[in-house]
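Visitor: Quick check, what structure comes out for this input:
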Amino acid sequence: MSTEPTTHRAPQLHKPDGSMVRVLVVDDEASLAELLRMAFRYEGWDVRTAGDGVSAVKAAREFRPDAIVLDIMLPDFDGLEVLQRVRADGTETPVLFLTAKDSLDDRIAGLTAGGDDYVTKPFSLEEVVARVRGLIRRSTLTLAQQRDPVLRVGDLTLDEDSYEVERGGEPIELTATEFELLRFLMRNPRRVLSKAQILDRVWSYDFGGKESVVELYISYLRKKIDQGRPPMIHTVRGAGYLLKAANG
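Guide: Take a look at the predicted model:
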């Protein structure tokens, strides 16, 4: 594997707002993760690393990277599961998979149609950097066109920047946890979310709580969002909860 940075550096890549590009590297091989970190730092990017699936998902939520370089084989659960959990949060962060040549399968190849990419080991650092640059360019162009901090479902709106929530133009006061729960529901409209998924996203892996806390906070939200109005939060018995427009 080539560890020397390319001598012909491409122009430094920035996001549309001029801020530094953020990349998350996920690999349980510490020496490889460090090589990738150095290569991306050489590009002037902000880099964070993770060595397993749990810390990868946690880092993706806290760091909000512009791209993720993700090894398929991890010690706890595989990279495809990491991708599924990250995407369940409503984020479309592009992913470059690292995979051994003999373990490439249709699941990974099929993901490239969705805008993700993969490289097989061994690879050159120059190739990985070039692939990530391409992913970020495509995604930032899309985000620049689509970025809107306000989530809307029916007459319910949630502003992710100002933390303001309204239904039918009337402001609704929420606690921080209620806000996160509602944001998760609104990022996944008309989709049934299980109690386990909600616990994982809103209370995180290290909470260790029981699913009854989800029922409790759903009831809190219903009192604030639905009381005296056509209901938007629905229970799907044995499956979980979904949020949809009252007339949907």
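Visitor: C-alpha from now on. contacts and neighbour counts both.
Guide: Will do.
Visitor: what pLDDT does residue 8 get?
Guide: Looking at residue 8, its pLDDT stands at 42.
Visitor: And residue 151, by the same measure?
Guide: pLDDT, residue 151: 89.
Visitor: Name the SS class of it, please.
Guide: Judged by DSSP: H, G, I helix; E, B strand; the rest coil, the three-state class of residue 151 is strand.
Visitor: That one against residue 163, yeah?
Guide: No - using C-alpha atoms under 8 Å, residue 151 is not in contact with residue 163; the gap is 10.9 Å.
Visitor: Which SSE is immediately downstream of the helix or strand hosting residue 157?
Guide: Secondary structure assignment for residue 157, by DSSP states H and E: strand 156-159. For strand 156-159, the following helix or strand on the C-terminal side (DSSP H and E) is strand 164-167.
Visitor: got the contact list for that next one?
Guide: Applying C-alpha atoms under 8 Å, 6 or more residues apart in numbering, the external contacts of strand 164-167 come out as 155-159, 171-174, 225.
Visitor: Let's see that with 10 Å instead.
Guide: Contacts to strand 164-167, defined as C-alpha atoms under 10 Å, 6 or more residues apart in numbering, come from residues 150-159, 171-174, 179, 182-183, 224-226, 229.
Visitor: List only those of these flagged as buried.
Guide: Buried by 16 or more other C-alpha atoms under 10 Å: 152-153, 156-158, 174, 179, 182-183, 224-226, out of those.
Visitor: give me the number of residues near residue 40?
Guide: Number of residues near residue 40 (other C-alpha atoms under 10 Å) recorded here: 25.
Visitor: where does the helix or strand it falls within sit relative to the chain's centre, distance-wise?
Guide: Under the criterion of DSSP H and E, residue 40 resides in helix 30-42. When C-alpha coordinates are averaged (C-alpha atoms, centre = their mean, to the nearest Å), helix 30-42 and its chain have centres 22 Å apart.
Visitor: average pLDDT across the next helix or strand after it?
Guide: Downstream of helix 30-42, the first helix or strand assigned by DSSP H and E is strand 46-50. Strand 46-50 comes out with an average pLDDT of 94.
Visitor: Then stretch 89-97?
Guide: Rounded mean pLDDT across stretch 89-97 is 84.
Visitor: Please identify the buried residues of it?
Guide: So for stretch 89-97, counting by 16+ other C-alpha under 10 Å, buried means 89, 92-97.
Visitor: Then stretch 226-242?
Guide: Of the residues in stretch 226-242, 226, 232-233, 240-242 count as buried by neighbour count, 16+ other C-alpha under 10 Å.
Visitor: Take it, keep the C-alpha atoms, and write them as CSV.
Guide: The C-alpha coordinates for stretch 226-242 follow below in CSV (Å, rounded to 0.1, in the frame of the first residue of the first chain):
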residue,chain,number,x,y,z
ASP,A,226,-52.1,15.7,19.1
GLN,A,227,-54.3,16.7,22.0
GLY,A,228,-57.4,18.5,20.7
ARG,A,229,-56.3,17.9,17.1
PRO,A,230,-56.5,15.1,14.5
PRO,A,231,-53.8,12.6,15.6
MET,A,232,-50.5,12.4,13.8
ILE,A,233,-48.6,9.9,16.1
HIS,A,234,-50.0,6.4,15.6
THR,A,235,-49.2,3.1,17.4
VAL,A,236,-48.8,0.0,15.1
ARG,A,237,-49.5,-2.8,17.5
GLY,A,238,-46.5,-5.2,17.9
ALA,A,239,-44.3,-3.1,15.6
GLY,A,240,-43.8,0.4,16.9
TYR,A,241,-44.9,4.0,16.1
LEU,A,242,-45.3,6.1,13.0
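Visitor: Distance from the chain centre to it, please.
Guide: Distance, centroid of stretch 226-242 to centroid of chain: 25 Å (C-alpha atoms, centre = their mean).
Visitor: Ok, stretch 36-49 next?
Guide: For stretch 36-49, the distance to the chain centre is 20 Å (C-alpha atoms, centre = their mean).
Visitor: Look up the residues forming beta bridges with the closest residue to residue 158 other than its chain neighbours.
Guide: Excluding its sequence neighbours, the residue lying closest to residue 158 (C-alpha to C-alpha, 6 or more residues apart in numbering) is residue 165, at 4.5 Å. Under DSSP bridges, the beta-bridge partners of residue 165 are residue 158, residue 172.
Visitor: Good, we can wrap up now.
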